[in-house]
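Undergrad: turn this into a structure:
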Amino acid sequence: MLVIYAGTKGYLDKIEVSQVRAFEDGLLNFARTSHADLLEWIKTDDPKIKGEAEDRIKAVVESFSKDFA
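TA: Prediction:
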């Protein structure tokens, strides 16, 4: 869900195609290690991407994206 969100919201637009897989792997690793509670919430509650769910997902993607090189 995080990678799809990142792609549809333009976070991958400035990334070279050859780097998309590294971004995906990095984002998922970042979420698993630093935001496991969010992933568990998504898995358990299956929220729609709006409101609080979108705010939390956006924060994780933005946090990872600003340091991705």
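
Undergrad: which helices and strands sit right next to the helix ranked longest in the chain?
TA: Looking across the chain with DSSP state H, the single longest helix is helix 51-67. Packing partners of helix 51-67 (3 or more CB pairs under 8 Å, 6 or more residues apart in numbering; DSSP states H and E): helix 2-8, helix 20-34, helix 36-45. Heads up, the C-betas are built off the backbone N, CA and C, glycines and all.

Undergrad: got the contact list for the residue lying farthest from the centre of the chain?
TA: Computed with CA atoms, centre = their mean, the residue of the chain farthest from its C-alpha average is residue 18, at 18.3 Å. By CB atoms under 8 Å, 6 or more residues apart in numbering, no residues touch residue 18.

Undergrad: against residue 51, how distant is it?
TA: Computed as CB to CB, to the nearest Å, the residue 18 to residue 51 distance reads 35 Å.

Undergrad: report pLDDT for the closest residue to residue 60 other than its chain neighbours.
TA: Excluding its sequence neighbours, the residue lying closest to residue 60 (CB to CB, 6 or more residues apart in numbering) is residue 35, at 5.1 Å. pLDDT, residue 35: 95.

Undergrad: from residue 16, how far out is residue 35?
TA: Counting by CB to CB - residue 35 and residue 16 are separated by 25 Å.

Undergrad: so those two - more neighbours on which side?
TA: Neighbour tally, residue 35 and residue 16, criterion other CB atoms under 10 Å: the higher count belongs to residue 35, 18 against 9.

Undergrad: just checking, that one touches residue 61?
TA: No: using CB atoms under 8 Å, residue 35 is not in contact with residue 61, being 10.2 Å away.

Undergrad: export only the CA atoms of the lowest-mean-pLDDT helix or strand in the chain, formatted as PDB.
TA: One helix or strand of the chain scores below all others by mean pLDDT, DSSP states H and E: helix 36-45, with a mean of 89. Extracted in PDB, the C-alpha atoms of helix 36-45 (Å, rounded to 0.1, in the frame of the first residue of the first chain):
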ATOM      1  CA  ALA A  36       5.600  -1.300  12.300                       C
ATOM      2  CA  ASP A  37       2.500   0.000  14.200                       C
ATOM      3  CA  LEU A  38       1.200   1.600  11.000                       C
ATOM      4  CA  LEU A  39       1.700  -1.600   8.900                       C
ATOM      5  CA  GLU A  40       0.000  -3.600  11.600                       C
ATOM      6  CA  TRP A  41      -2.900  -1.100  11.700                       C
ATOM      7  CA  ILE A  42      -3.300  -1.300   7.900                       C
ATOM      8  CA  LYS A  43      -3.200  -5.100   8.000                       C
ATOM      9  CA  THR A  44      -5.600  -5.400  10.900                       C
ATOM     10  CA  ASP A  45      -8.100  -2.700  10.300                       C
END
